[in-house]
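Asker: based on what follows, work out the 3D shape:
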Amino acid sequence: MIGADGEQLGIMSSREAYSLALEKNLDLVKIAPQAQPPVCRIMDYGKYRFEQAKREKESRKNQKTIEVKETRLSLNIDTHDFDTKVNQTKKFLAAGNRVKVSIRFRGREMAHAQMGTGIMQRFAEACADVGNVEKPAKLEGRSMIMFMSAKPAPVNKQ
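Answerer: The predicted structure follows:
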């Protein structure tokens with residue numbers, strides 16, 4: 001049994017511990033119910049939950065969420081459209097996001113999957129200065145999908 005101020009109160013019955021908690025106007029909380037005998041603590045449970053939520057919120061604030069952005073290409077994409085898609089993808093990668101690059105094959109385009117692979121390789125080479133290919137181009141159904149991630153920032157040694 002552990003008191004509200006962290007002191008060890010020793011082994012006592014649950015009835016005694018509960019009456020002690022009521023006396024101090026606090027809660028009796030089981031910390032390790034599987035232990036023999038079960039370990040309990042006298043504490044203000046509402047305050048404990050509030051502090052725990054506050055710590056979780058603080059740790060989430062310090063985390064950077066990485067989004068997955070998508071760039072869709074077509075099999076017969078023109079050079080200017082291709083360059084526009086490359087520039088947009090570079091912006092996504094510079095922001096630290098992952099990018100899903102996909103080509104959707106329509107109708108008879110399925111017969112030209114090797115052309116899609118060539119476009120994907122050309123796209124990966126165009127974005128090579130800011131990103132790495134995480135998963136290479138792979139045909140899944142009528143779509144060819146490739147994942148790219150941002151290159152790690154260079155570490156300055158000073």
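
Asker: the strands in this structure, which residues?
Answerer: Listed in chain order, the strands found in the chain under DSSP state E are 27-32, 39-43, 68-73, 98-104, 131-140, 143-150.

Asker: for Asn132, what are its contacts?
Answerer: The contact partners of Asn132, by Cβ atoms under 8 Å, 6 or more residues apart in numbering, come to Met148, Ser149, Ala150, Lys151. Quick note: C-beta positions are derived from backbone N, CA and C, even for glycine.

Asker: averaged pLDDT, the longest helix anywhere in the chain. What do you get?
Answerer: For the chain, the helix with the greatest residue count under DSSP state H is helix 45-62. Helix 45-62 shows a mean pLDDT of 88.

Asker: contacts for it, please.
Answerer: For helix 45-62, contacts defined as Cβ under 8 Å, 6+ apart pick out Asp27, Val29.

Asker: do stretch 113-121 as well
Answerer: With Cβ under 8 Å, 6+ apart, stretch 113-121 has contacts from Leu73, Leu75, Ile77, Phe82, Val101, Ile103, Phe105, Ala137, Leu139, Met144, Met146.

Asker: go with 10 Å
Answerer: With contact meaning Cβ atoms under 10 Å, 6 or more residues apart in numbering, stretch 113-121 is reached by 73-77, 82, 101-105, 109-110, 112, 133, 136-139, 143-146.

Asker: do the same with stretch 65-84
Answerer: 85-86, 88-89, 91-93, 95-106, 109-110, 112-113, 115-116, 118-120, 122-123, 126-127, 143-150.

Asker: and those residues, which are buried?
Answerer: Buried members of these, scored by 16 or more other Cβ atoms under 10 Å, are 85-86, 89, 92-93, 97-103, 105, 109, 116, 119-120, 123, 126-127, 144-150.

Asker: state the number of residues packed around Cys40.
Answerer: Burial of Cys40 is recorded as 22 neighbouring residues (other Cβ atoms under 10 Å).

Asker: may I have the beta-bridge partners of it?
Answerer: Lys30 (DSSP bridges).

Asker: stretch 101-119: how far from the chain's middle?
Answerer: Centroid separation for stretch 101-119 versus its chain: 31 Å, with Cα atoms, centre = their mean, to the nearest Å.
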